[in-house]
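Novice: Build me a structure from this.
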Amino acid sequence: MLVVFGGFGAVAAASLLIPAWRAAHGDGHTGTFTLTEPNGCDRYQPPQQRCGWFGDFVSDDGLVVQRHKELSGGLPPGAAVGETVAARDSGSRTVIYPLPDAPTWKEPAGYTAVFTGILLLGVVLLRPWRWARRKRD
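Specialist: Numbering: from 1, shown residues only. Here you go, the predicted structure:
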């Protein structure tokens, strides 16, 4: 069970990590992200509070248009529908990353590490190297 859970989790987390890593290192298309719908705020009080946003991204050259994507990291309270922020699309299916390039890859990297650890623990507990020895006996 740990092998399956860890394997699926590691693949899913890696699928989030790759575009976040690319965005943090300047890959992808730069453009503007227009806020269209708030997605709630975290539990902290201002000024530490951050609010999530959905919106539309258009690249600087106009070739890339992404509708109803989430802005990674959110914005401070007070942001309003219709405002625009500089952003980057690095190929994620769901997320657009704000500029300047922030280390948003750290959270999915942590999840990838945890699920990979669970996968490895499951493999160690299964001890597949003993299966080969039993077949030879």
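
Novice: what helix or strand does the residue most central in space within the chain sit in?
Specialist: Of all residues in the chain, the one closest to the mean position by C-alpha atoms, centre = their mean is Leu16, 3.9 Å from it. Following DSSP states H and E, one finds Leu16 within helix 2-24.

Novice: buried sites along that helix?
Specialist: For helix 2-24, the neighbour count (16 or more other C-beta atoms under 10 Å) marks 2-3, 6-7, 9-10, 13-14, 16-24 as buried. All C-beta spots, glycine's among them, are computed from the backbone N, C-alpha and C.

Novice: Could you do stretch 69-77 as well?
Specialist: By neighbour count on 16+ other C-beta under 10 Å, the buried set for stretch 69-77 is Lys69, Glu70, Leu71, Ser72, Gly74, Leu75, Pro77.

Novice: before we move on, the earlier item: gap between the residue nearest to the centre of the chain and Val81?
Specialist: 26 Å (C-beta to C-beta, to the nearest Å).

Novice: thinking again about what came up before, taking the buried residues of stretch 69-77 one by one, which sit in helices?
Specialist: Among the buried residues of stretch 69-77, none falls in helices (DSSP state H).

Novice: now for those, which pair is the farthest apart?
Specialist: Farthest pair in the buried residues of stretch 69-77 (C-beta to C-beta) is Lys69 and Pro77. Separation: 20.7 Å.

Novice: Return the backbone torsion pair for the spatially closest residue to Cys51 that is not a sequence neighbour.
Specialist: In space, not counting the residues next to it along the chain, Cys51 is nearest to Cys41; the distance is 4.1 Å by C-beta to C-beta, 6 or more residues apart in numbering. In terms of degrees, to the nearest 10, the main-chain angles of Cys41 are phi -120, psi 160.

Novice: Let me know whether Cys41 touches Leu75 as I believe.
Specialist: No. Look at Cys41 against Leu75 with C-beta atoms under 8 Å: they stay out of range, at 9.7 Å.

Novice: which stretches of this structure form strands?
Specialist: 29-41, 51-59, 65-71, 84-89, 95-98 (DSSP state E).
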